[in-house]
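J.: 3D, please:
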Amino acid sequence: VDGEKILKYKDTYTTSYYAILQKELIPNMTMDMADMSWNKPEREVLTNFDGSNRHWFYMGNVYIIFKNNKLHRVAMIPRELRF
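T.: Okay, here's the model as predicted:
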């Protein structure tokens, strides 16, 4: 992660700043923050069926749900639904 890019969060979003440094995801991170922490997803799905507007899929079974462009939840795809 570009150190200059994440420094902008150090004073105003301290918790998110340290989460990015630790490669962690926390609720209410912006999509930009999540991208800095975990990088681009393998796949992105745009939806509105449950009030969210984006789902980012990683490693085939982990996904992030964003509502109103803020991280809402990190979840696992159930084993029986994996490809």
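
J.: ok, the most centrally placed residue in the chain to residue 54 distance?
T.: Nearest residue to the geometric centre of the chain (Cα atoms, centre = their mean): residue 34, 3.8 Å. Remark: distance between residue 34 and residue 54 (Cβ to Cβ, to the nearest Å) = 10 Å. Glycine gets a C-beta too; all of them are placed from N, C-alpha and C.

J.: any residues in contact with both of the two?
T.: Common neighbours of residue 34 and residue 54 (criterion: Cβ atoms under 8 Å, 6 or more residues apart in numbering): residue 66.

J.: What helices and strands are in contact with the helix or strand bottoming out on mean pLDDT in the chain?
T.: Here the helix or strand of the chain ranked lowest by mean pLDDT, DSSP states H and E is helix 3-7, holding a mean of 82. For helix 3-7, the contact count by 3 or more Cβ pairs under 8 Å, 6 or more residues apart in numbering; DSSP states H and E identifies helix 14-21 as packing neighbours.

J.: which helices and strands does the helix it packs on pack with?
T.: Counting contacts by 3+ Cβ pairs under 8 Å, 6+ apart, helix 14-21 packs against helix 3-7, helix 31-38.
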